[in-house]
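Enquirer: Okay, here's the prediction I keep looking at, along with the sequence it came from:
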Amino acid sequence: MSNLVDNPEEYFRKFLPKREQLLIELEEEAQREDIPIVGPIVGELLYILAKVTRAERVLELGTATGYSTIFLAKSFASFRGKVVTIENDSDMAARAAINFHRTGLNQQIEIVVGDAQEKLSEMDESFDFIFIDIDKENYAAILPHCHRMLKQDGLLVADNVGFKDADPFNRLISESSKWRSVSLFAYLPFHSPERDGLCLAVRL
Ligand SMILES: C[S@@+](CC[C@H](N)C(=O)[O-])C[C@H]1O[C@@H](n2cnc3c(N)ncnc32)[C@H](O)[C@@H]1O
């Protein structure tokens, strides 16, 4: 007989992290409009990972309405912290900007509008933490830029690595001597989609 709780998926849907009203509104809006946000579990995971790594310079690729960006920006212990977030859809970027003002975190978030690969090739900054959440077919191509801009021992988190289009990225990072990585396939209530992979990697 298994020691696992009955219906683990139903059981774990009950343990959602507490979050502010704006985030709940963004979740409802994402559901209505089919906007693929990370949801409360991965949002909280990002907050915890950024907090424990004491990240002060965070790069996010794929802003959408700014839901995950808000979790990352909230992790900062001081006003020195900054998230640079790249989004190629200018309407989405404008919506995110409004949400950042609503949270009062706008001073700590810089939105860059444009294609991630193009913008990354023009950037020469150093980051403590990078979160990747753009179209999956681009993950492998942007990995060298992430390595160049992430400081040594910095953390890379990639969402949706369970997608077929993320396969080149999964192979590249797991075989690379420049990263130490782990890929988790998990049940993630209210994530888009709820069964998906997440990759966590340290830049060597
Ligand atoms: C999955 S959504 C991001 C969700 C967001 N991280 C969250 O959880 O709240 C992906 C976003 O990345 C944007 N995007 C896709 N490909 C991109 C690219 N090559 N460069 C920049 N943005 C891109 C899309 O327009 C979309 O808004």
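Expert: Alright, I've got the coordinates.

Enquirer: Only C-alpha atoms from now on, for both contacts and neighbour counts.
Expert: OK.

Enquirer: Need the phi and psi values for the most centrally placed residue in the chain.
Expert: For the chain, residue 131 is the residue whose C-alpha lies nearest the centre (C-alpha atoms, centre = their mean; 4.2 Å). Per-residue torsions, residue 131: phi -120, psi 120 (degrees, to the nearest 10).

Enquirer: got the contact list for it?
Expert: 58, 59, 60, 61, 156, 157, 158, 159 (C-alpha atoms under 8 Å, 6 or more residues apart in numbering).

Enquirer: Shouldn't residue 156 be within a helix?
Expert: No - per DSSP: H, G, I helix; E, B strand; the rest coil, residue 156 lies outside any helix segment and is strand.

Enquirer: Distance check, residue 184 against the ligand.
Expert: As judged by C-alpha to the nearest ligand atom, to the nearest Å, residue 184 and the ligand stand 18 Å apart.

Enquirer: and the one helix or strand that residue maps to, what does it pack onto?
Expert: Residue 184 belongs to strand 179-187 when assigned by DSSP states H and E. Applying 3 or more C-alpha pairs under 8 Å, 6 or more residues apart in numbering; DSSP states H and E, one finds that strand 179-187 contacts helix 167-175, strand 195-203.

Enquirer: what does the protein put close to the ligand?
Expert: Within the chain, the positions adjacent to the ligand are 36-38, 62-68, 86-89, 114-116, 133-135 by C-alpha under 6 Å from any ligand atom.
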